[in-house]
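Q: Provided below for reference: sequence and predicted model.
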Amino acid sequence: METLFDGINQRLEFSSCEEEGNSSDTTSDDFASICSPSLACRTPKVQRHRSRSNTLASPLRCTSPIPYASWKKLRLCESPSTPKSLLSKSSQLYSNIKINHRTVRFASAAANLIQAPSVNVNPFTPDTVRRKSELLWRQSSRSDDDEDYGHRLKHSLTSSEEDDEAFLPPKRRAVQAFMLSRYESEFLEMECIGVGEFGAVYKCVNRLDGCLYAIKRSRRPLAGSANEQLALKEVYAHSVLGHHPHVVRYYSAWAEDDHMIIQNEYCDGGSLSDAIVKKEAQGVLFTEAELKDLLLQVALGLKYIHSSGLVHLDIKPSNIFICQQPGTSTGGEGESEEEDDESTSTTVIYKIGDLGHVTLIASPQVEEGDSRFLAKEVLHENYLHLPKADIFALGLTVLLAAGAPPLPQNGDEWHSLREGHLPKLPQELSPPFRSLLQSLLDSDPTRRPSARELCKHTVLREKRTERLAAQLRRELNVEKLRTAMLEKELQEARQAALSPKQNLSPRLSPGLKPPAKMGSLPRTGRRLVGRKTERSLSFGTPGYGV
Ligand SMILES: Nc1ncnc2c1ncn2[C@@H]1O[C@H](COP(=O)(O)OP(=O)(O)OP(=O)(O)O)[C@@H](O)[C@H]1O
Ligand SMILES: [Mg+2]
């Protein structure tokens, strides 16, 4: 692993400060060799990869082939480094240093030597993340030690003594920032977390904010390739989709050295595919409750994507990511009022990622996803119900999580699944849940439920319904107690009124608190009947309770 990253670090050297046309240093083959086949966990892609358009111009459509210049515009960082402070320091230094061929070579060697430059520690991040950042910070401080730096420099740069003075430690960081690519200057790479068809994904810490990100780098150079379209689609889709709790969050994208780089939210639980493999190895299965939770959460993400006029077209376990967040709610931005009510104790948040196949529902340009998850009508080029293709893929995804055997890529078994025959499962699912899954695989897309319908489905919402019922029962009991107390107090007040000889103030029976003060009675924390309106009780009126 170590050498892999070192290699990549070296490959990225000078990527943003090279002159145009002088970037031959880094080639696709180089990067392909970095991502060795042994590391690759590629999923078989559909055998028939075709790009077809039904249509009219649209913001998402990438006319084919996209001119090199179009994605080059994504070079958000022509200058080598942000933030601005680094930039200005670097450029000052640049003007002071005599740049010649030899000096540049020297700088390159110096930058190569300096591994693990500084990383900020974000005080607002959760403890676990902060601890990791602090560790990195300590390591980087150690490696930043001037003595150590001087020592290493002396050993490897014997031929550049005349330039030594130009690279005194105080200037080192600025020089380094100037020489490095945006990727290197802004992020500290921690590990490679996945290699897919499109590219490799790295877990990185942002040096400025100290937070973790998943950085996806296209495997092959993009200009003019089919991958260019996928990369652009992913960036376009992410930027249009904004922020939803069940869609992997996008932060930024840029082109570097002819490769697309996408900075996304890092999901600490890996992919659903990893989770399935892990459970399998442990000999355990997702419980029905967990499967329903998975189905509901992904349906919420799909509802958001579909309501934005888009379809995903590559829903599968390796494109669903997991965030472990203790005590969080699945409700949140982008969800309807009734979903906001959904405050669960779930520790697993599922998020839809890998938007490389996203297209518009209204004028689709379909790049089929994985054939194992492909709905039959899409294969037949019927794009009238594309959102239902996502629902079909979601059905198969949940079945895989339920323990179904690996899905066929083609052949009789492939067709059998598309005729509504569920695969054999190692666990018995309840009939309502099973029939819901069956409906997701219906050969007729119009009979499959929509994502919106799924989100409201009683089978998926029953946990919520049970919780609501329990809450209402508790509230009802409190209300009954309040009523009983009020009735008792009322009765005593009446008795006092009927016997004038007695004290004017009603005598309280032992154990009873002073009467008729709303604030002294147990209050309900939730509304009981009628949304968002507190039920008011009027118990001062003479006729109450009679
Ligand atoms: N945001 C993320 N958080 C954590 N891990 C991630 C993230 N994004 C990707 N990964 C890891 O990297 C792998 C590949 O990512 P991704 O699906 O985005 O790339 P891909 O090249 O499109 O792959 P494929 O073609 O197999 O779908 C994932 O299976 C997962 O293990
Ligand atoms: Mg993927």
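A: That came in fine, so what should we check first? Ligands and ions are numbered 1, 2, ... in the order given.
Q: Please enumerate the strands of the stretch 251-400 of the chain.
A: Listed in chain order, the strands of the stretch 251-400 of the chain (DSSP state E, counting those that start in this stretch) span residues 259-265, 310-311, 320-324, 348-352, 359-360, 365-367.
Q: And these: which comes nearest Ala275?
A: strand 320-324 (6.1 Å; C-beta to C-beta). The C-beta positions use only the backbone N, C-alpha and C, and glycine is treated the same way.
Q: Relative to ligand 2, which of the strands of the stretch 251-400 of the chain is closest?
A: Distances from ligand 2 to each of these were compared using C-beta to the ion; the shortest belongs to strand 320-324, at 9.5 Å.
Q: Most proximal residue of the stretch 251-400 of the chain with respect to ligand 2?
A: Closest point on the stretch 251-400 of the chain to ligand 2, by C-beta to the ion, is Asp354, at 3.6 Å.
Q: Now do the nearest residue to that residue once chain neighbours are set aside: how many residues are near it, please.
A: For Asp354, ignoring the flanking residues on the chain, the nearest one in space by C-beta to C-beta, 6 or more residues apart in numbering is Asn319 at 4.1 Å. Burial of Asn319 is recorded as 26 neighbouring residues (other C-beta atoms under 10 Å).
Q: Before we move on, what's the pLDDT of Asn319?
A: Note on Asn319: pLDDT of 96.
Q: residues touching it, list them.
A: For Asn319, the set of contacting residues under the criterion of C-beta atoms under 8 Å, 6 or more residues apart in numbering consists of Ser271, His312, Ile352, Gly353, Asp354.
Q: mind putting the residues you listed in JSON lines, neighbour count, distance to ligand 1 and pLDDT included?
A: As requested, those are arranged in JSON lines below (neighbours: other C-beta atoms under 10 Å; distance: C-beta to the nearest ligand atom, whole Å; pLDDT from 0 to 100):
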{"residue": "Ser271", "neighbour count": "24", "distance to ligand 1": "4", "pLDDT": "96"}
{"residue": "His312", "neighbour count": "29", "distance to ligand 1": "11", "pLDDT": "97"}
{"residue": "Ile352", "neighbour count": "26", "distance to ligand 1": "11", "pLDDT": "98"}
{"residue": "Gly353", "neighbour count": "26", "distance to ligand 1": "5", "pLDDT": "96"}
{"residue": "Asp354", "neighbour count": "26", "distance to ligand 1": "4", "pLDDT": "93"}
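Q: Quickly compare the strands of the stretch 251-400 of the chain and say which is most buried.
A: Highest mean neighbour count of the strands of the stretch 251-400 of the chain: strand 310-311, a mean of 25 (counted as mean count of other C-beta atoms under 10 Å).
Q: Quick one: residues in contact with that strand.
A: Contact partners of strand 310-311, identified using C-beta under 8 Å, 6+ apart, comprise 60, 237, 240-241, 305, 358-361, 364, 386-387, 389-390.
Q: In those residues, find the pair that's most separated.
A: Based on C-beta to C-beta, the longest span within the contacts of strand 310-311 runs between Val240 and Ala389 and measures 19.4 Å.
Q: more crowded one of the two?
A: The residue with more neighbours, out of Val240 and Ala389, is Ala389; 27 against 17, by other C-beta under 10 Å.
Q: can you tell me how far the more buried one sits from Glu419?
A: Counting by C-beta to C-beta, to the nearest Å, the separation of Ala389 from Glu419 is 16 Å.
Q: Please apply the same query to Val205.
A: 49 Å.
Q: neighbour count winner among those two?
A: The neighbour comparison of Val205 against Glu419 (other C-beta under 10 Å) goes to Val205, with 26 against 10.
Q: just checking, that one is part of a strand?
A: Yes - following the definition DSSP: H, G, I helix; E, B strand; the rest coil, Val205 is counted among the residues of a strand.
Q: Count the neighbours of the closest residue to it other than its chain neighbours for me.
A: Excluding the flanking residues, the one nearest Val205 by C-beta to C-beta, 6+ apart is Leu188, at 4.7 Å. For Leu188, the count of nearby residues is 21 (other C-beta under 10 Å).
Q: what are the pairing partners of the helix or strand containing Leu188, and which direction each?
A: For Leu188, the element it lies in under DSSP states H and E is strand 187-195. Partner strands for strand 187-195, per DSSP bridges, with pairing direction: strand 199-206 (antiparallel).
Q: ok, is the partner strand in contact with ligand 2 or not?
A: No - Strand 199-206 does not reach ligand 2 (C-beta under 5 Å from the ion); its nearest approach is 8.7 Å.
Q: Rounded mean pLDDT for that strand, please.
A: Per-residue pLDDT over strand 199-206 has a mean of 95.
Q: does ligand 1 sit close to that strand?
A: Yes - Strand 199-206 reaches ligand 1 (C-beta under 6 Å from any ligand atom) through Gly199, Val201.
Q: Convert that strand to CSV, retaining C-alpha atoms only.
A: Extracted as CSV, the C-alpha positions of strand 199-206 are listed here (Å, rounded to 0.1, in the frame of the first residue of the first chain):
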residue,chain,number,x,y,z
GLY,A,199,-11.3,5.3,-10.9
ALA,A,200,-9.7,4.9,-7.6
VAL,A,201,-11.1,6.4,-4.4
TYR,A,202,-8.8,7.7,-1.6
LYS,A,203,-9.6,8.6,2.0
CYS,A,204,-8.0,12.0,2.6
VAL,A,205,-7.8,14.7,5.2
ASN,A,206,-8.3,18.2,4.1
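Q: following that strand, which helix or strand shows up next?
A: Sequence order places strand 212-218 as the next helix or strand after strand 199-206, per DSSP H and E.
Q: That following strand vs ligand 1: in contact?
A: Yes - Strand 212-218 lies in contact with ligand 1 when judged by C-beta under 6 Å from any ligand atom; the contacting residues are Ala214, Lys216.
Q: Isn't Glu419 up against Ser443?
A: Yes - the pair Glu419 and Ser443 qualifies as a contact (C-beta atoms under 8 Å) at a distance of 5.7 Å.
Q: near ligand 2, which residues of the protein show up?
A: That would be Gly196, Asn319, Asp354, which are the residues of the chain within reach of ligand 2 (C-beta under 5 Å from the ion).
Q: Tell me the spacing between the second one and His457.
A: Spelled out, it's Asn319. Distance check for Asn319 against His457: by C-beta to C-beta, it reads 23 Å.
Q: Please apply the same query to the first one.
A: Gly196 sits 31 Å away from His457, going by C-beta to C-beta.
Q: Could I get the average pLDDT for stretch 484-491?
A: Model confidence over stretch 484-491 averages 93 on the pLDDT scale.
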